[in-house]
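Visitor: Generate a structure from the sequence data that follows.
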Amino acid sequence: MKKFLTLFIVLILLSFENLSAQQKKPFTLDDIQNGLFKTESVNGLNWMNDGQYYTDVIKGNIIKYEVKNGVEVEVIAKGSDIISTETNKPIEFDNYKFSKDETKILFSAETEHIYRHSTKSIYYVYDIKNKKLHRLSKGKQSYATFSPDGSKIAFCRDNNLFFINLEDKAEKQITQDGELNKIINGSTDWVYEEEFSFTKAFFWSPESNKIAYYTFDESDVKEYNLQKWGNLYPTDYKFKYPKAGEKNSTIKISVYNINISKNTKIDIGSETDIYIPRITWTTDNNLLSIKRMNRLQNKLEILHADANNGTSTIVFSETSKTYVDLEYTDDLTYLDNNKGFIQSSEKSGFKHLYLFDMTGKQIRQITIGNWEVKEFYGIDEKSQTLFFTSTEVSPIESRLYSINLSGKDKKKLTNAKGVHTPSFSGDLKYYMDYHSSSDGVLKVSLHKADGMLIKALEENFKLKDKLDQYALGKKEFIKVPIPSGEILNGYLIKPSDFDANKKYPVLMHVYGGPGSQQVLDGYAGVNWMQVLTEQGYIIACVDNRGTGARGKEFRTITYANLGKLEVQDQIDAAKYIGTLPYVDKNRIGISGWSYGGYMSALCLTIGADVFKAGIVGAPVTNWRFYDSIYTERYLKTPQENAEGYDNFSPVTHAGKLKGKMLLIHGTGDDNVHFQNSITFVDALVKAGKQFEVFYYPNQTHGVNGYSKIHMNKLMLNFVLKNL
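Guide: Next up, the predicted model:
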């Protein structure tokens, strides 16, 4: 009798649970696109120099807050006071930066993109004390930057480098030979911007009297021609784009001495077919640090150069049988008084931090273990404390730690599960923690450097309440075994009214590129795919071999043969998911963008018997079409490794397509060129295959605006119709 009573109570509770799920509100794609599930954050935040205060923009006003209690201290600049002398109206600024002495503010306005990251703006300088605003220079400039002493501002315009003395507003042109599609001074060419992730290519010395800068000579780089549609005749836009195996820009590094108006060329070696992915000043005003890589990117060196005479010496070198990924060696930090430097390396098999003296002799490995340092945030030299995030708890999480320079006294500062992304004050005494997990929305909180909470700044209570009211499925993490013996990380998002006795179709979402990671224990917002869960679909995602956070061997196993193992892993993952009792193995689809589009195209051809339908977004269909830095890092050059380029090109396998396919691309994509889709379409047509294709006029690699709204509906309807 007692057992029956217990069973009765359980059934009652389950019925209430099911009733609760049924009572949750439905949602639509329009709800998502209209911002129903918008996440609030703390944006526009700037730390003040002493670390005791920070600023934020509230209704156009720059407000100063005390770190310890989050209380407003003063209004540094009222929006109504930041008035243009040209229009006699307040400017609408995009961004702002303080001079080091915090007496002036540099505003950017009317910013326009050149490519994905590069921009140009109208800049203004605001004197906080007298509330005076003046325009920096004529026209638009790029990357305007205060000198460390705040007396000057350097910037780029028309491929040349300039600086202005703020005391008398005298403008000095440092370079004269800048020319479109030929010579670039002080900013990067297209491929450096995209693959080495920087655009400002000039750097003030510590004492503000020298500027180190790049010059790119792209005269021999071949042009790519984009057509822009809309007028009676389409217009051509030509830009230099080095494809795999083709000529790159040649690089020159120079130092301009402001005091004597002299340029000094820095010795970066006699080999010209190289990369200089980073330069930075050491704490010595006369010593410049340069990172140099060979064309195949399997050797990284650090050079120390005398800024006065240009001579240089190699102090650090690392080689790899596969490649040295800049992302995993990008933590170069010089100690005060040039007592040494901290540099990351994967030589142990995992990314860790190492201490070297100024001659390059290794003093010690600071962090140790079978886990990766994700981000290094700096060192507080007074306490000899370093701060970093790592995957020590789990590859799908990111926690914040501190450790002594000696390699001892490691402490975990964030205990809540999930992904933590800190933003530290300049003196490393405080940090903002941007934290979320798969079962929790974004939270922003203020902490002391030892992890002690000072104040919660944003907890997204309204969003959490909305999410609880609507029929949204939860992310459920899974382990996916594959024939190689590896266990892959993945997740499922099931319908909110999931019934284990039913059979559900599955749409797999994929990216899968080298070093990437999609399976994270963090809140990723609500997107178009989650509308499918309300329609009775399961969303799945699996990180294949070649992705990040699991060590060098796991990531570099795809070297010289992109597409082979990654695609097989997605096929095997789909087969495994198809064995789950609640999955309809005959209704598994796949969707991806960019590298994910490449993966989807191969899954629908090589894995045609497994996937019923798929969406192929802005795909690379032949790696010969993609840029030199990215492609050669993972495949070598096509001259050296033709099979690696051709064996797993979707074009090669076009004749194997069986299921339904939707191919999408923007015609103005300067990154993955529309040429990729044109070539794939031609191969599919030759093979007599039927498929759907949709292009978005003039849209770049990330389709935006009204086109994105249209595209989300297009993709949703395609899946509902074909899967």
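Visitor: Any idea which residue is closest to the centre of the chain?
Guide: S197 (8.4 Å; CA atoms, centre = their mean).
Visitor: so which helix or strand takes in the nearest residue to that one once chain neighbours are set aside?
Guide: Sequence neighbours aside, H117 is the residue nearest to S197 in space, at 7.4 Å (criterion: CB to CB, 6 or more residues apart in numbering). No exception for glycine: its C-beta is placed from N, CA and C like everyone else's. Using DSSP states H and E, H117 sits in no helix or strand.
Visitor: do the same with the one 4 residues further on
Guide: According to DSSP H and E, S121 maps onto strand 119-127.
Visitor: just to revisit the earlier point, wait, is the residue nearest to the centre of the chain part of a helix?
Guide: No - S197: not assigned to a helix; according to DSSP: H, G, I helix; E, B strand; the rest coil it is coil.
Visitor: follow-up on the earlier one: partner strands of the helix or strand that the strand holding S121 is followed by, parallel or antiparallel?
Guide: For strand 119-127, the succeeding helix or strand toward the C-terminus, using DSSP H and E, is strand 132-135. If you go by DSSP bridges, strand 132-135 pairs up with strand 119-127 (antiparallel).
Visitor: Buried residues, the strand it pairs with. List them.
Guide: T119, K120, S121, I122, Y123, Y124, V125, Y126 (16 or more other CB atoms under 10 Å).
Visitor: Tell me the one of those residues nearest A608?
Guide: T119 (42.9 Å; CB to CB).
Visitor: What segments of this protein are helices?
Guide: 2-23, 29-33, 190-195, 461-469, 529-534, 552-556, 564-578, 595-603, 628-635, 642-646, 675-686, 706-722 (DSSP state H).
Visitor: And the contacts of the fifth one?
Guide: Helix 529-534 is touched from outside by 26-29, 32, 471-473, 493-496, 507, 509, 539, 591, 716, 719-720, with contacts defined as CB atoms under 8 Å, 6 or more residues apart in numbering.
Visitor: Show me which of these are buried.
Guide: Looking at those with 16+ other CB under 10 Å, the buried ones turn out to be 27, 29, 32, 471-473, 493-496, 507, 509, 539, 591, 716, 719.
Visitor: among those, which are in strands?
Guide: If you go by DSSP state E, the buried ones among the contacts of helix 529-534 have I493, L507, H509, I539, S591 in strands.
Visitor: where does the chain dip in pLDDT?
Guide: 1-22, 44 (pLDDT under 70).
Visitor: Would you map out the domains in it?
Guide: Listed by automatic domain parsing, the domain ranges of the chain are 42-173, 174-330, 474-722.
Visitor: so which of those gets nearest V441?
Guide: Among the domains of the chain, domain 474-722 sits nearest to V441 (CB to CB), with 5.2 Å.
Visitor: List the contacts of the spatially closest residue to F163 that is not a sequence neighbour.
Guide: Excluding its sequence neighbours, the residue lying closest to F163 (CB to CB, 6+ apart) is A154, at 4.3 Å. Each residue near A154 by CB under 8 Å, 6+ apart is listed here: A144, T145, S147, L161, F162, F163, I164, G186, F202, W204, I211.
Visitor: For stretch 646-666, list every residue counted as buried.
Guide: For stretch 646-666, the neighbour count (16+ other CB under 10 Å) marks 648-654, 656-657, 659-666 as buried.
Visitor: thinking again about what came up before, and the residue nearest to F163, how far is that from V719?
Guide: Separation of A154 from V719 (CB to CB, to the nearest Å) stands at 50 Å.
Visitor: cool, W528 as well?
Guide: 9 Å.
Visitor: repeat for T652
Guide: 27 Å.
Visitor: again with K475
Guide: 19 Å.
Visitor: which among the buried ones among the contacts of helix 529-534 gets closest to Q690?
Guide: V719 (17.7 Å).
Visitor: wait, doesn't that closest one sit right on M508?
Guide: No - judged on CB atoms under 8 Å, V719 makes no contact with M508 at a distance of 11.3 Å.
Visitor: Give the intersection of the neighbour lists for those two.
Guide: By the contact definition CB under 8 Å, 6+ apart, V719 and M508 are jointly contacted by G589, S591.
Visitor: What number of residues are in the vicinity of S270?
Guide: For S270, the neighbour count with other CB atoms under 10 Å is 6.
Visitor: go on, H117?
Guide: Quick note: H117 (other CB under 10 Å) scores 12 neighbours.
Visitor: Touching, it and K200? I think so.
Guide: No - H117 is not in contact with K200 according to CB under 8 Å; the separation is 10.0 Å.
Visitor: Find residues that contact each of these two.
Guide: Contacts common to H117 and K200, judged by CB under 8 Å, 6+ apart, are absent.
Visitor: could you list every residue that touches V441?
Guide: Each residue near V441 by CB under 8 Å, 6+ apart is listed here: T39, E459, N460, L463, K464, L467, Y523.
Visitor: Weed out the non-buried ones from these.
Guide: N460, L463, L467, Y523.
Visitor: Need the residues you listed in CSV (columns: distance to E112).
Guide: Listed next are the buried ones among the contacts of V441 as CSV, based on distance: CB to CB, whole Å:
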residue, distance to E112
N460, 32
L463, 32
L467, 36
Y523, 32
